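# Next input, structure requested:
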Amino acid sequence: MKAFVDKYPCMPPLTIPAFLPSEPHLVAKTDSVLGCIKSFSKGTSCERDGLRAQHLLDALCGEGSVIAVSLLKAISGVVNLFLRGGCPRSLAEFVASAPLTPLLKPDNGSRPIVVGSIWRRVVSKVAMKGVGKDMAKYLGDFQFVVGVPNGAEAVLHSANRLLNAHHRDGSLAMLTVDFSNAFNLVDRIALLNEVCI
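Numbering: from 1, shown residues only. Next up is the predicted model:
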């Protein structure tokens, strides 16, 4: 466990910079929120609080459908509270963080698995649904993640096709190397400052 903690150090909580956004915040409609809740795979894992997407779906359908409209409005209200930055800072540690679960790799190393709270995940899905296409257009061909389903896999398969099509004789090889594990080393405050500009 010590090796795991050394490799993935605990970082202090973020100090969110105070800023005034120049653009109005995204506002989620109830149908968008419901669509995002429905988009979770069956059996999606839960975080510390134990709340799963399936719990929300069960409350919105079947026996719970009597209160579905009111509940969906309340859930949408919570989502919009987060989208406008109105969540109390005292809750940030519980909503925006997630515990690391170490899984053993075949070489006896460990791989951290992080499962965030269902609230953060729903808000993230709603936000991406709202701005994803615009961001993909803005970022254009300079990235293969935002708005590009299976983007990383597409890059890998394209490189493999290139190697197979033009260098079957083995005259060209490709080596991919992960020089360092950057998990928890990114300065999130710098990122937030850049996004807020």
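
# CA atoms for contacts and neighbours, from now on please.
Fine.

# Point out where the chain drops to low pLDDT.
Residues of the chain meeting the criterion pLDDT under 70: 11-22, 64, 177-186, 188, 191-192, 194-197.

# What is the longest helix of this protein by residue count?
In the chain, assigned by DSSP state H, the helix with the most residues is helix 118-139.

# Next, the buried residues of that one.
Judged by neighbour count (16 or more other CA atoms under 10 Å), helix 118-139 contains these buried residues: 118-130, 132, 136.

# And stretch 96-104, by the same measure?
By 16+ other CA under 10 Å, the buried positions in stretch 96-104 come out as 97, 100.

# measure it end to end?
25 Å (CA to CA, to the nearest Å).

# do you know how far the residue lying farthest from the centre of the chain is from residue 176?
Most distant from the centre of the chain: residue 169, at 41.3 Å, with distances by CA atoms, centre = their mean. Separation of residue 169 from residue 176 (CA to CA) stands at 20 Å.

# likewise residue 27?
41 Å.

# When the two are compared, which one has more neighbours?
residue 27 (17 against 5; other CA atoms under 10 Å).

# Can you classify the more buried one by secondary structure?
Assigned by DSSP: H, G, I helix; E, B strand; the rest coil, the conformation of residue 27 is coil.

# next one: residue 44
Classified using three-state DSSP, residue 44 is coil.

# With residue 9 as the reference, measure out to it.
Taking CA to CA, one finds residue 44 at 26 Å from residue 9.
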